[in-house]
Every structure is written in structure tokens, then in C-alpha cells.
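*Asks:* Provide a 3D model corresponding to the input given below.
(one chain, ligands or ions: 1)
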Amino acid sequence: MPLTERAVLRAALIQADIQIGQPEANRLHMEVLLERAVSAEPKPNLLVLPEMWNTGYALEQIQELADPDGRESREWLSAFAKRHGVTIVGGSIAEKKDGGIYNTMYVFNEEGDTTAQYSKIHLFRLMDEEKHLEAGDEIVNFALREGFQAGASICYDIRFPELARTQALNGVKVLIVPAEWPHPRLHHWRTLLMARAIENQMYVIACNRVGVSGSTEFFGHSLIIDPWGEIVAEGGEGEEIVTGELDLGLVDEVRGRIPVFEDRRPDIYRKP
Ligand SMILES: O=C(O)CCC(=O)C(=O)O
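*Replies:* Residues are numbered from 1 along each chain as shown. Presented below is the predicted three-dimensional model:
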């Protein structure tokens, strides 16, 4: 679907490599990539980082490595957002809170204020997340622009269509998904993201890491998918900044064309 002259949001996804168990090196590396992203012309107004970018999946050492209350990560992301006048969805970090460790996303507006905080609610057993991390228990939506609500979702969360559907029913028009999604499940990644976009008639912005950690290889393929299911941008398998524009009017247009939300039959779905 062609872009119109309507309001657009320009997103830049930081498809980065992450060093396992090296929070300081990862922060410095992210800073270089974020600086590169904001020096592009035209400048993006929304930056998205990958999942667990501070520690990677260093789960055995996560108690020592996690950022207490996310303080350090929040301080520099907030300062960056304010300095450059950009919105940042800060991927997620290992956050130490109330004696537990959470996989937590922070969102900052152009003034550097924290506008949302989301902890991953579905922990991924294949990578032993549930043995080391606490699950969040709250669905989080936030405004990216007036009238343009975003929903938070982290990696494995996209396998649960109920989450994105609940967010869509609560006004979400773009789902934002930081991830560390590895080979050999590229087909699942692309298909699930595409399905979430088409069935909910919303944008999906998904930022995946690249690189190798132990025997696990992460494939990138960060994606921006529009509410009609067209791919706006897709990364390759190396480190890069994936950019694309979101047409803020397109969600309502697609929902008007095929009125899925009016045609739902929740009265029937509830029957056993
Ligand atoms: O669901 C998958 O296949 C990957 C999920 C994952 O790697 C994660 O949630 O960290």
C-alpha cells in the first residue's frame, strides 16, 4: 500500500550484536549504533533496541549482572532520548527488582521521561528463562503520538495471540517487539509477526539481535510490517540499522476496509 502525505513516524531498529555477560561493553556499543541512527537523514523519531541487550542470556550470572532497578540503563537511555529529541523503546534489559530479576522494557519520550515499563509475561522455557527470571503480570500499552497507541511485547510473547488481540481491543495500533530469536526458527518468527499484523490490522515493529552466543545463532531479520501485512523493511543477518516509515492513518483505513473488529463474535467464543 503506498504511503500518503499523512503523518508518518520514522522508526529505526537497532539490529545489534550483544556480548554475553558484558553490560558495559554492550552499552557502549549500543550508544555508537544509536548515534549512527540519529545522524541519518531524515532523522528517525522512534528508536527500538533488541531484547536483553545489557547482559544477553547470561542467565547463570544474572543475579550479579542485572541492573538494579534498571537505574544505569534508564539514565543513559533517558539522557539520549532527551539530547536527540527522539522516542526510545529501550528493547529490554535484565532488571533486578524486589529481589528478583525481570526481563524489562523501558520507554522514553522526546523529553527523556519514562512513559512505560513492561516486564515480559511469558518466560521461554527452551532457554530456561523461568529458572532465573520472574514473569511480569501486566499488559502494557503506551502512546507514541496522540491517538497512536503502542503495545509492548517481548520475543516469545508473540506466540500468544491473545496478548496482541487484547492490546488491539484496547486501542493499540502498533505492536513493538524486541527479541533475541535464534535459528532455526526464522519461519516461526516471520510468520507469527505477519499473523499478528494481519489479524489485528496493526503495525508490527520487531527488533531482533544478531550474532552468536555459545551454540545459539541469532538471525536478525528485524521487521516493520504494515497493518495490511506488507513488509515495510526487513533486516538481513548482520548488524545494521533497519529503518522504515509508519503511516499513522493506515491502521484506521485497513480496519475500515475489512471490519474485523466489528465482525468479531465474542459471545460465541465464550461457549465451551
Ligand atoms: O519462541 C521462540 O522460538 C523464541 C523465543 C525466545 O527466544 C525468547 O523469548 O527469548
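*Asks:* report the contact partners of the nearest residue to residue 200 once chain neighbours are set aside.
*Replies:* In space, and not counting its chain neighbours, residue 200 is closest to residue 168: 4.0 Å by Cβ to Cβ, 6 or more residues apart in numbering. (Glycine included, C-beta is placed from N, CA and C.) Contacts were defined as Cβ atoms under 8 Å, 6 or more residues apart in numbering; by that measure residue 168 touches 151, 200-202, 261.
*Asks:* rerun at 10 Å
*Replies:* Remark: with contacts taken as Cβ atoms under 10 Å, 6 or more residues apart in numbering, residue 168 is in contact with 141, 149, 151, 175, 196, 199-202, 251, 255, 260-261.
*Asks:* which SS state does it fall under?
*Replies:* Classification of residue 168 by DSSP: H, G, I helix; E, B strand; the rest coil places it in helix.
*Asks:* what's the pLDDT at it?
*Replies:* If you check residue 168, the pLDDT there is 98.
*Asks:* look up how far residue 227 lies from it.
*Replies:* When Cβ to Cβ, to the nearest Å is the yardstick, residue 168 and residue 227 sit 10 Å from each other.
*Asks:* what is in contact with those two at once?
*Replies:* Shared contacts of residue 168 and residue 227, defined by Cβ under 10 Å, 6+ apart, comprise 200-202, 251, 255.
*Asks:* rebuild the residues you listed as JSON lines, extending it with secondary structure.
*Replies:* As requested, those are exported to JSON lines (three-state DSSP):
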{"residue": "200", "secondary structure": "helix"}
{"residue": "201", "secondary structure": "coil"}
{"residue": "202", "secondary structure": "coil"}
{"residue": "251", "secondary structure": "helix"}
{"residue": "255", "secondary structure": "helix"}
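*Asks:* how about CSV for those residues, with distance to the ligand and neighbour count added?
*Replies:* Putting the shared contacts of residue 168 and residue 227 into CSV (distance: Cβ to the nearest ligand atom, whole Å; neighbours: other Cβ atoms under 10 Å) gives the following:
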residue, distance to the ligand, neighbour count
200, 19, 25
201, 23, 24
202, 20, 25
251, 26, 23
255, 28, 18
